[in-house]
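Asker: A predicted structure for the sequence below; I have some questions about it.
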Amino acid sequence: MNIEENIKRLERVLLTCFLILLSAVVIVNSIKMFQLRNSVVMLGRETGINYSQLIDKSGTITLRLEEDLYPNIEVYINGELVDTFGNNRLIKVDIKDRDVLELNSSMYSNPINLYIEEVSNNISGITEGAIYNIKNRKTIAIIRII
């Protein structure tokens with residue numbers, strides 16, 4: 001009987017050691033995962049916090065008409081009317097990454113020259129000083145912010 005009692009005692013000691021070690025592994029792993037999650041959030045890769053939105057992904061483009069005889073020309077961004085030239089020859093348009101810039105001159109029968117007067121330095125896909133000959137509705141550019 002002495003041997004059976006010693007075996008049961010050894011089993012209890014081994015089981016207790018196993019449970020203590022298993023608990024320690026779970027606790028240490030939980031702490032490491034918490035630290036890793038905090039570092040991922042700081043890098044902006046967590047879905048709850050998107051730090052890439054904090055980077056300015058917008059710019060401006062200044063459009064100029066050759067003449068101020070066309071007040072009804074419409075400026076569209078992504079298919080939505082954002083402005084008309086009115087009595088001005090210049091319009092400054094705020095745009096974001098992947099916006100589609102369009103002009104509508106379908107209310108006039110003759111073609112109209114449009115100049116790209118000024119472009120923010122973080123915009124690609126449209127060049128400063130470019131001239132577009134517009135008749136009806138025309139896509140000027142698909143904007144890329146770099």
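Answerer: That came in fine, so what should we check first?

Asker: what's the first-to-last distance across stretch 101-114?
Answerer: Length of stretch 101-114, first residue to last, CA to CA, to the nearest Å: 13 Å.

Asker: Contact partners for residue 73?
Answerer: 65, 84, 85, 103, 104, 105, 107, 108, 112, 134 (CB atoms under 8 Å, 6 or more residues apart in numbering). Placement of C-beta: from N, CA and C, glycine included.

Asker: I'd say the fifth one and residue 79 touch.
Answerer: No - assessed by CB atoms under 8 Å, residue 104 is found out of contact with residue 79, at 10.7 Å.

Asker: And the two? Which one has more around it.
Answerer: Taking neighbours as other CB atoms under 10 Å, residue 104 and residue 79 compare with residue 104 leading, 17 against 7.

Asker: show me the residues around that one that make contact.
Answerer: Going by CB under 8 Å, 6+ apart, the list of residues near residue 104 reads 73, 74, 76, 136, 137.

Asker: care to break this protein down by domain?
Answerer: Using automatic domain parsing, the domain ranges for the chain come out as 1-55, 56-145.

Asker: Out of the ones you listed, which is the most enclosed?
Answerer: domain 56-145 (a mean of 15; mean count of other CB atoms under 10 Å).

Asker: ok now that domain, how far from the chain's centre?
Answerer: Averaging C-alpha positions (CA atoms, centre = their mean, to the nearest Å) puts domain 56-145 22 Å from its chain's average.

Asker: And stretch 9-20, by the same measure?
Answerer: 55 Å.

Asker: one step back: tell me which of the contacts of residue 73 is nearest to residue 7?
Answerer: Residue 7 lies nearest to residue 103 out of the contacts of residue 73, by CB to CB, at 90.2 Å.

Asker: Not counting residues beside it along the chain, what's closest to that closest one?
Answerer: Excluding the flanking residues, the one nearest residue 103 by CB to CB, 6 or more residues apart in numbering is residue 134, at 5.2 Å.
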